[in-house]
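**Q** here you go, sequence then predicted model.
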Amino acid sequence: MQLPFSPIAILVAFIGLAVLIGAVTALARWRPLAFTLRTLLGLLLIAVAALLGAIGVGTLGYQALSKEEVAAWVKVEPAGPERFTAKFRFPDGRTATYVLAGNELYVDAHILKWKPIANLLGLHTQYELDRVAGRYRRLEDENSRGRTVFPLGRAKPLDMFTLRSEYALLAPLLDVEHGSASFVPADRSTEWELRVSTSGLLFRPSAASPR
């Protein structure tokens with residue numbers, strides 16, 4: 001996990017508090033114009049610090065992305081008619097196993113694409129796997145058969161993906177990628193590399209898996 005803006009947020013907040021203290025001093029010396037300007041500047045800096053802190057918290061669990069890279073290794077094993085297990089191994093060493101219904105393995109992700117102004121502050125494209133599900137090949141089965149869906153993302157007090165979707169004021173800083181997903185057959189034992197790039201997700205057979 002990371003808080004990319006935590007040191008900057010703390011610094012900006014400290015400067016804002018210092019400016020507000022200066023505003024109180026100006027008031028004590030009966031300098032109303034200086035008091036007003038320093039108060040406004042101090043409050044603005046505190047608001048900026050709060051925004052930067054929120055961005056840091058909102059990107060917890062997201063990974064920086066500068067090129068195509070492996071987001072997880074997945075081993076698929078059939079477990080019965082239209083049922084299978086998907087065993088995930090993540091780059092940080094975590095593992096998870098899901099029992100899914102359907103003929104295909106489906107995974108989607110959230111991708112945060114920061115604008116150039118945010119790039120100057122050190123933020124670049126980030127991603128987080130969102131959910132894994134079983135997918136049926138036949139549309140009729142999708143409508144009538146049982147669905148299995150599990151979360152892949154970690155719970156967080158704020159999610160920058162959700163915040164950007166709900167608040168247009170973040171548009172100058174951030175774009176979000178909706179519907180970045182991929183799926184593969186799950187009717188035989190196969191090992192996959194789940195890869196992510198700035199254009200989305202894709203599955204590739206691992207070196208140990210037959211094509």
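**A** Received the coordinates, thanks. All values derive from a computational prediction rather than experimental measurement.

**Q** any stretches of the chain with poor pLDDT?
**A** Across the chain, the ranges flagged by pLDDT under 70 are 1-10, 12, 48-49, 51-66, 114-124, 156-179, 208-211.

**Q** what's the domain layout of it?
**A** 6-58, 64-205 (automatic domain parsing).

**Q** adding mean neighbour count, write the ones you listed out as TSV.
**A** C-beta coordinates here come from the backbone N, C-alpha and C atoms, glycine included. Formatted as TSV, these follow (neighbours: other Cβ atoms under 10 Å):
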stretch	mean neighbour count
domain 6-58	16
domain 64-205	16
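
**Q** quick one, what contacts the residue lying closest to Gly146 once chain neighbours are set aside?
**A** Nearest residue to Gly146, sequence neighbours excluded (Cβ to Cβ, 6 or more residues apart in numbering): Ala101, at 5.4 Å. Going by Cβ atoms under 8 Å, 6 or more residues apart in numbering, Ala101 touches 82-83, 134, 145-148.

**Q** the protein: helices as residue ranges?
**A** Listed in chain order, the helices of the chain (DSSP state H) span 6-28, 32-58, 116-119, 139-144, 160-166.

**Q** and the contacts of Ala101, which of them are in strands?
**A** 83, 134 (DSSP state E).

**Q** between the contacts of Ala101, which sits nearest Leu202?
**A** Within these, the smallest distance to Leu202 is 18.9 Å, found for Gly134 (Cβ to Cβ).

**Q** list the beta-bridge partners for the closest one.
**A** Beta-bridge pairing for Gly134 (DSSP bridges): Leu105.

**Q** OK, contacts around the closest residue in space to Ala86 that isn't next to it in sequence?
**A** Nearest residue to Ala86, sequence neighbours excluded (Cβ to Cβ, 6+ apart): Tyr98, at 5.0 Å. Contact analysis of Tyr98 by Cβ under 8 Å, 6+ apart lists 85-86, 88, 132, 148, 150.

**Q** closest to Val184 among those residues?
**A** Checking those against Val184 with Cβ to Cβ, the nearest one is Ala86 at 10.0 Å.

**Q** am I right that the closest one is in contact with Glu104?
**A** No: taking Cβ atoms under 8 Å as the definition, Ala86 is not a contact partner of Glu104, at 10.6 Å.

**Q** between the two, which contacts overlap?
**A** Residues within reach of Ala86 and of Glu104 at once, by Cβ under 8 Å, 6+ apart, are Ala186.

**Q** widest-spaced pair of the contacts of Tyr98?
**A** For the contacts of Tyr98, the maximum inter-member distance is 14.5 Å, found between Phe88 and Thr148 (Cβ to Cβ).

**Q** just to revisit the earlier point, in the sheet, who's paired with the residue nearest to Gly146?
**A** Arg83.

**Q** now Arg94: closest residue in space that isn't a chain neighbour?
**A** Nearest one to Arg94, counting by Cβ to Cβ, 6+ apart, is Phe88 at 8.0 Å.
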